[in-house]
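1. Quick one: sequence plus predicted model below, questions after.
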Amino acid sequence: MTRDFIILIVISSLLFVVDSSEYPSLSDKGFGSISNISPHSQLQLGDVIEGLSTLRRYLQFSGYHKDTLNPDSDEFTEDLKSALRVFQRTYNLDVTGQPDSRTVSLITQPRCGVPDVINGDSIVSEDDSEKIIDWMSPLNKNDFTYGFYPANNVKLLSEAAFKATVADAFSWWEKELDGKTFTETLWSDQSDIGIVFLPLDGKLGVVGTTVSDSTPSWVIYLDSDENWVGTDVMTEADPLDLEWEVKHQIGHVLGYGHAVNSTSVMHPFIYIGDESSTTTPLLQTHLHGGAAGGVGAGMGTGFNFFA
């Protein structure tokens with residue numbers, strides 16, 4: 001399965017190209033339909049249940065399922081059962097190998113587009129601390145610049161509002177990591193981090209991702225189809241906390257993997273209507289150093305959502 005689109009952005013003399021031709025995409029056959037999967041707790045091998053193909057593609061997308069021969073199969077197979085067991089073990093669920101109610105409840109939440117397993121290695125922490133991803137990063141530095149793609153269009157938020165919300169997310173990391181600074185600059189190939197809003201896979205599903213080895217050095221993509229809100233009261237249908245998601249993606253830029261702890265900013269799932277970034281901020285994350293070169297070791301070229 002391939003993502004059959006090319007995002008082409010021309011900014012003055014800067015040509016910014018994302019060629020998305022190889023990475024498996026759930027949007028092609030309804031990533032959003034993952035929310036319609038029904039839980040089952042007593043499936044037998046060989047059972048054919050509508051929706052299992054969507055579950056199979058989801059687990060493949062997230063790195064748990066390696067089957068690329070028949071991703072459209074609705075048959076309950078041993079490899080699908082095994083992938084479910086790994087996912088359940090990762091997130092401290094009952095390890096049943098079944099798409100039971102707790103498992104389906106988590107899987108159907110909107111999530112980050114960075115997989116939990118990259119090149120066979122899990123990037124998910126096993127406790128309260130964040131796991132440092134041990135790929136080399138080009139951003140092993142203290143002073144960062146970030147810029148906004150000029151054509152960004154965010155539903156429900158004015159340009160000033162979404163820029164202020166993003167700035168608050170960077171400020172949060174400055175407080176968490178003493179000595180790191182983030183300064184807004186114009187979008188250019190000299191920026192360390194770019195902020196881009198564009199359609200990813202329709203509403204919900206994947207709501208944001210981070211890509212390295214690009215121009216700027218890292219680009220944070222946020223799904224423009226979502227009902228993003230800043231510090232406003234969440235009154236729209238399926239509102240998502242923009243500040244929380246930006247904090248999460250900045251964490252990837254800084255080298256952090258995913259966290260099992262749902263109160264951590266590095267938890268890959270974002271909960272609809274949860275004003276995560278404005279409640280108990282000191283409980284959102286526990287950032288412990290000392291692993292794999294410390295903050296800034298980073299993801300390097302280990303993963304590209306569009307590649």
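-> Yes, it's here.
2. Pull up the per-residue confidence for residue 28.
-> We have a pLDDT of 46 for residue 28.
3. Just give me the neighbour total for residue 250.
-> Here the number of neighbours of residue 250 (other Cβ atoms under 10 Å) works out to 25. (C-beta placed from N, C-alpha, C; glycine too.)
4. Could you tell me the end-to-end distance of stretch 91-108?
-> 14 Å (Cα to Cα, to the nearest Å).
5. how far out from the middle of the chain is that stretch?
-> On the basis of Cα atoms, centre = their mean, to the nearest Å, stretch 91-108 sits 19 Å off its chain's mean C-alpha point.
6. quick one: average pLDDT of that stretch?
-> Averaging pLDDT along stretch 91-108 gives 95.
7. Pull out the buried residues from that stretch.
-> 91, 93, 96, 97, 98, 99, 100, 103, 104, 106, 107, 108 (16 or more other Cβ atoms under 10 Å).
8. so which of the residues you listed comes closest to residue 157?
-> Comparing the buried residues of stretch 91-108 against residue 157 with Cβ to Cβ places residue 108 closest, at 25.4 Å.
9. In three-state terms, label the spatially closest residue to that closest one that is not a sequence neighbour for me.
-> Nearest-residue entry for residue 108: residue 35, 4.7 Å, with adjacent residues in sequence omitted and distances by Cβ to Cβ, 6 or more residues apart in numbering. With DSSP: H, G, I helix; E, B strand; the rest coil as the basis, residue 35 sits in helix.
10. give me the number of residues near residue 35?
-> Neighbours of residue 35 (other Cβ under 10 Å): 16.
11. returning to what we had before: and the buried residues of stretch 91-108, which two are the farthest apart?
-> Longest span within these, Cβ to Cβ: 97 and 108, 18.3 Å.
12. Okay, the residue nearest the centre of the chain and residue 265: tell me how far apart.
-> Using Cα atoms, centre = their mean, the residue of the chain that lies closest to the mean C-alpha position is residue 112, 1.6 Å off. Residue 112 sits 11 Å away from residue 265, going by Cβ to Cβ, to the nearest Å.
13. all strands of the stretch 51-200 of the chain, in order?
-> For the stretch 51-200 of the chain, the strands defined by DSSP state E, counting those that start in this stretch cover 111-112, 117-118, 121-122, 143-148, 181-184, 193-198.
14. Show the backbone phi and psi for residue 223.
-> phi -70, psi 120 (degrees, to the nearest 10).
15. Now the longest helix along the chain: buried residues?
-> In terms of residue count, the longest helix belonging to the chain (DSSP state H) is helix 159-176. By 16+ other Cβ under 10 Å, the buried positions in helix 159-176 come out as 161, 162, 163, 165, 166, 167, 168, 169, 170, 172, 173, 176.
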